[in-house]
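**Q** Provide a 3D model corresponding to the input given below.
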Amino acid sequence: MKRKILILGLDCAAPRFLFSDPQLVHLRELMRGGTFGILESVVPPITVPAWRCMATGRDPGQLGVYGFRNRLDYSYSKMGIASSRSFDQPALWDILGSRGYRILLAGVPPSYPPMRVNGISVGCFLTPDPQKNIFTFPPGLSDEIRAWEPDYAVDVREFRTGCKDRLQQEIFSTSRRRFAVLHRLLAEKDWDFFHFVDIGLDRIHHGFWQYADPGHPLYEPGNPYEYVLRDYYRLLDEEIGRILERADSSAITLVASDHGGQPLLGGFCINEWLIRQGYLNLRQYPREVTPFDTPAVDWARTQAWSEGGYYARVFLNLRGREPEGIVPEADRGRLREEIRTALEPLRDDRGNPTGTRVFFPEEVFRQVRGIAPDLIVYPGNLRFRSIGSVGHSALFTRCNDTGPDGCNHSPEGCFILHGKGVPALREAQRGSLLQVAPTLLKLAGVAIPPAMECGPMPFLP
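**A** Now for the predicted structure:
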């Protein structure tokens, strides 16, 4: 007999907020009857590929996807946005669907173009425009959802904005419409496995963290947005309570985040640093801050360059690999160690140690597929974003180059696991994102594929 499985995905949910509010009554009930704690994300802790890592039990290297944007070849500028077609490893919904489970997916990144499953798939926030595009499988469901909610949207506009009143209103209203559709799908469609991801929490964190966290340098007590985060967590708790009403007593329920959040202190200008260290050379240095542009690079004198974003991806200009590569393969190891040794003791503009961390792909991934960065850099252990633009007067900025932002990602997400076979543990446990899929398969009595090398969470009997 199939046990219903519910994965309630809260993008960027942070342990400090999820576990501390006694008014999150439905989540606390799950905690009392099950197990909860820190869920260690993958390297890098980013929505794409983290949710797919959770569903497959494979790390980003095994999947060959290292972020939203990935190099498509070894040219200097050809990048592609990850989509549902970027992955070829079986996910939980594929494994269970092949065993007769009826699948209901909603907003699990990346799920555009719509994924063909044994049931229903509704596209995620990467859907270009749900008012114009087919964003579901089966295709006819797109019109059905638009009839239910004519203003249905998969995301908010420009969440990195100074227009906080507009952003607050839009996140709450968009999420309520999405949950209205979810409740209708759960009520009217057949399903055994349900997995949704709420992206609104990620947007709330990026837009309002600095107003809620006394540890953020921009926090001011009594500010008008002090309780926006709290109120959104309470909205989620209310909606999760309604979802749980549709689950029977034998159901397996997982509340989980793909990564956590932490205060964003500013940006680290990684390409500016590479220029000053002599690793990156431009044909002409700009007079003002300018987006990094590969044609402006003097490749004949450049050893390394980087992409900005949540973390810094540093690529070496290898001879025989890049079109105008100058670094001999024999020097690759030495050069990487040299850059890491220079970056990790990095101090900020006030002379404080940043705690920057640098990884090599083969150190953190079981396999390296696709085109991985040569170095993976966490500026300030992700308390600073990586700024890819050049022409800065300093290596550190107090703002993000993509718009106002109060939060960056943290490797520490969170989980709550509840259901028959899950021990009710009073103390918080620790698990890995890669243990989620094998844990759920074990609880469901389904064989765990050997490729899920991490195995289930250790607290299971």
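
**Q** Over to Lys164: give its phi and psi.
**A** phi -70, psi -40 (degrees, to the nearest 10).

**Q** That one against Phe208, yeah?
**A** Yes - between Lys164 and Phe208 there is a contact under C-beta atoms under 8 Å: 7.2 Å. Bear in mind the C-beta positions are built from the backbone N, C-alpha and C, glycine included.

**Q** the more surrounded of those two?
**A** Neighbours were counted for Lys164 and for Phe208 using other C-beta atoms under 10 Å; Phe208 has more, 26 against 15.

**Q** Can you tell me the element that one falls in?
**A** Using DSSP states H and E, the element containing Phe208 is helix 200-212.

**Q** pull the CA atoms of the helix or strand following that helix into CSV?
**A** Elements were assigned by DSSP H and E; along the chain past helix 200-212, the next helix or strand is helix 228-244. Taking C-alpha atoms only, helix 228-244 is exported to CSV below (Å, rounded to 0.1, in the frame of the first residue of the first chain):
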residue,chain,number,x,y,z
VAL,A,228,7.1,41.5,7.7
LEU,A,229,9.2,38.3,7.9
ARG,A,230,7.3,37.1,11.0
ASP,A,231,3.9,37.7,9.3
TYR,A,232,4.9,35.8,6.2
TYR,A,233,6.1,32.8,8.2
ARG,A,234,2.7,32.8,9.9
LEU,A,235,0.9,33.0,6.6
LEU,A,236,2.9,29.9,5.5
ASP,A,237,2.1,28.1,8.7
GLU,A,238,-1.6,28.8,8.2
GLU,A,239,-1.5,27.5,4.6
ILE,A,240,0.5,24.4,5.6
GLY,A,241,-2.1,23.6,8.2
ARG,A,242,-4.8,23.5,5.5
ILE,A,243,-2.6,21.2,3.4
LEU,A,244,-2.0,18.8,6.3
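
**Q** In contact with Val43, which residues?
**A** By C-beta atoms under 8 Å, 6 or more residues apart in numbering, the contact set of Val43 is Asp59, Pro60, Phe359, Val364, Phe365, Ile376, Pro411.

**Q** Let me know how buried the nearest residue to the fifth one once chain neighbours are set aside is, in neighbour terms.
**A** Translated: Phe365. Computed as C-beta to C-beta, 6 or more residues apart in numbering, the closest residue to Phe365 that is not its neighbour in sequence is Gly61, at 2.5 Å. Neighbour count for Gly61, taken as other C-beta under 10 Å: 21.

**Q** domain parsing for the chain?
**A** Split into domains by automatic domain parsing, the chain comes to 5-263+409-444, 266-404.

**Q** From the opening residue of the shortest one to its closing one, how far?
**A** Across its full length, domain 266-404 reaches 10 Å end to end, with C-alpha to C-alpha, to the nearest Å as the criterion.

**Q** Low-confidence ranges, the chain, go.
**A** For the chain, no stretch is flagged by pLDDT under 70.

**Q** Helices along that one, start to end?
**A** Along the chain, the stretches classed as helices by DSSP state H are 15-18, 25-33, 47-56, 60-63, 92-97, 141-148, 164-188, 200-212, 228-244, 270-276, 332-343, 361-364, 436-444.

**Q** Dig out what Ala256 forms beta bridges with.
**A** On the basis of DSSP bridges, Ala256 is bridged to Gly9, Phe415.

**Q** ditto for Thr136
**A** Val122.

**Q** okay but it is in contact with Val122, surely?
**A** Yes - counting by C-beta under 8 Å, Thr136 does reach Val122; the two are 5.2 Å apart.
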